[in-house]
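1. sequence and predicted model, in that order:
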Amino acid sequence: MTDDALEFLSEILEMPAPTGQEMDAQRLWAGYIAPFSDEQHCDAYGSTWALLKAEDASAPTLMLDAHADEIGFSIRYIDEKGFARIERVGGSDVAIARGRRIRFQGTEGEVIGITGNTAIHIRDDGDKVPKLWELYVDFGCSSREELEATGLRVGDMGVYCDGVLMLQDNRIICRALDDRLCGFILAQIARELKSQDIRPEWNIIFANTVQEEIGCMGAEMLSYRLKPDAAICLDVTHATDSPGLDHGRYGDVRLAEGGCICIGPTCHPNLNARMELVSSQHDIPMQREVAGSRTGTNADSIFRSRRGVPCANLSLPLRYMHSPVEMADKRDVESCVDLMVEFIKSLKADDDFAHRLYDK
Ligand SMILES: [Zn+2]
């Protein structure tokens, strides 16, 4: 990963993009990918895509998807003493929400608050996980009027302050690596194709879709609109190599051993087979995981769009998902980029991943 790529990564990770407020980060992403693609667009709700055209415009289209949004909180109520009660945006974990710093975006810019944490000495509930409505944010104000004067109102959203931290040589820590890191991977795939001067035989759409954390909404809108012939979703998956995780129950997925393809009904065997072939031909590490039914990613929306879209997952192993200390490994980022670049180079204009009753 080059220094300027890492700089872009930390810049886009610093930018808050809670579900429904993705546009600032989307504009930054579109600006970065623009030199490596032919067109950039966004839809009504902000899903943003870059198109790399095939030589022949009538060629089929591959959509590579990542999601732009992150989990967070929004203000539900401000009491007369100036404390705010909050609602969850997406799957924020209440168990770890106390004693944190949160950046809220108000009408007059950012306002930082902390989630109050009654001291352990005087708390009657001991170690009990709080209810969502028991959480509150203390902005350092003494009244509702004082807080409202900062420009904050009911509905304003915030995310944890935690920014990027590197541990040792390869471990990246931040909030929102789910799934900003895969949006970054999309941009690096485009950049690598450009640097190798590759004009693919398929049209390639790099899609950074909104509103995944509340049910894969942006990807549903975008796959309907763009009608891809195949799609690969890049999202994070649970690495199970930290203490206390039973592999019999959760599978065996490790950091630094490559992206994961998913085996399950949503994920098309023909696409998976091609990814495995590319992985073995180019000696790029890859892992396997299973999804008995839904994948829990945008693939669940895209694969059933219109008449059905052959779809697959390439998932980045991640520890501590939906926390301010999500952890990924730089080598996995690089191997996912390499795998997708070689996958795209493997595409022939007459490739077709759909099932056929008879051979062509
Ligand atoms: Zn995700």
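-> Good, I have the coordinates.

2. need the distance between the two termini of stretch 300-310.
-> 11 Å (Cα to Cα, to the nearest Å).

3. quick one: contacts of that stretch?
-> Stretch 300-310 is contacted by residues 63, 65, 216-217, 219-220, 223-224, 227-231, 233, 266-268, 270-271, 294, 311, 353-354 when judged by Cβ atoms under 8 Å, 6 or more residues apart in numbering. Quick note: C-beta positions are derived from backbone N, CA and C, even for glycine.

4. swap in 7 Å and give it another go.
-> Applying Cβ atoms under 7 Å, 6 or more residues apart in numbering, the contact partners of stretch 300-310 are 65, 216, 219-220, 223-224, 227-228, 230-231, 233, 266, 268, 270-271, 294, 311, 353-354.

5. what do you get for stretch 150-164?
-> Taking Cβ under 7 Å, 6+ apart as the rule, stretch 150-164 contacts 10, 13-14, 16, 18, 21, 70, 72-78, 89, 100-109, 111-112, 139, 172, 174-176, 324-325.

6. Ala190 falls within a helix, correct?
-> Yes: applying DSSP: H, G, I helix; E, B strand; the rest coil, one finds Ala190 inside a helix.

7. could you count how many residues lie near it?
-> A count of nearby residues for Ala190, using other Cβ atoms under 10 Å, gives 25.

8. quick one: the residue lying closest to it once chain neighbours are set aside from Ala25, how far?
-> Residue nearest to Ala190 in three dimensions, not counting chain neighbours: Phe36, with 3.8 Å by Cβ to Cβ, 6 or more residues apart in numbering. To Ala25, Phe36 is 18 Å away according to Cβ to Cβ, to the nearest Å.

9. which one's more surrounded, the two?
-> Ala25 (26 against 18).

10. may I have the residues that are in contact with the more buried one?
-> Contacts of Ala25 (Cβ under 7 Å, 6+ apart): 12, 15, 17, 68.

11. among those, which lie within strands?
-> Nothing among the contacts of Ala25 maps onto strands, per DSSP state E.

12. CSV for these, including neighbour count?
-> Below are the contacts of Ala25 laid out as CSV (neighbours: other Cβ atoms under 10 Å):
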residue, neighbour count
Ile12, 22
Met15, 18
Ala17, 28
Ala68, 27
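
13. what ranges does this structure have for its helices?
-> 3-14, 23-33, 144-148, 177-195, 217-226, 247-250, 269-281, 299-302, 330-346 (DSSP state H).

14. so who does the most centrally placed residue in the chain touch?
-> Closest to where the C-alpha atoms of the chain average out (Cα atoms, centre = their mean) is Asp179, at 1.6 Å. Asp179 makes contact with 66-67, 212, 235-236 under the criterion Cβ under 7 Å, 6+ apart.

15. mind redoing it with 6 Å?
-> 66-67, 235-236 (Cβ atoms under 6 Å, 6 or more residues apart in numbering).

16. and the closest residue in space to Ala291 that isn't next to it in sequence, how far is that from the ion?
-> Ranked by Cβ to Cβ, 6+ apart and with sequence neighbours excluded, the top spatial neighbour of Ala291 is Gly264, at 3.4 Å. Separation of Gly264 from the ion (Cβ to the ion, to the nearest Å): 17 Å.
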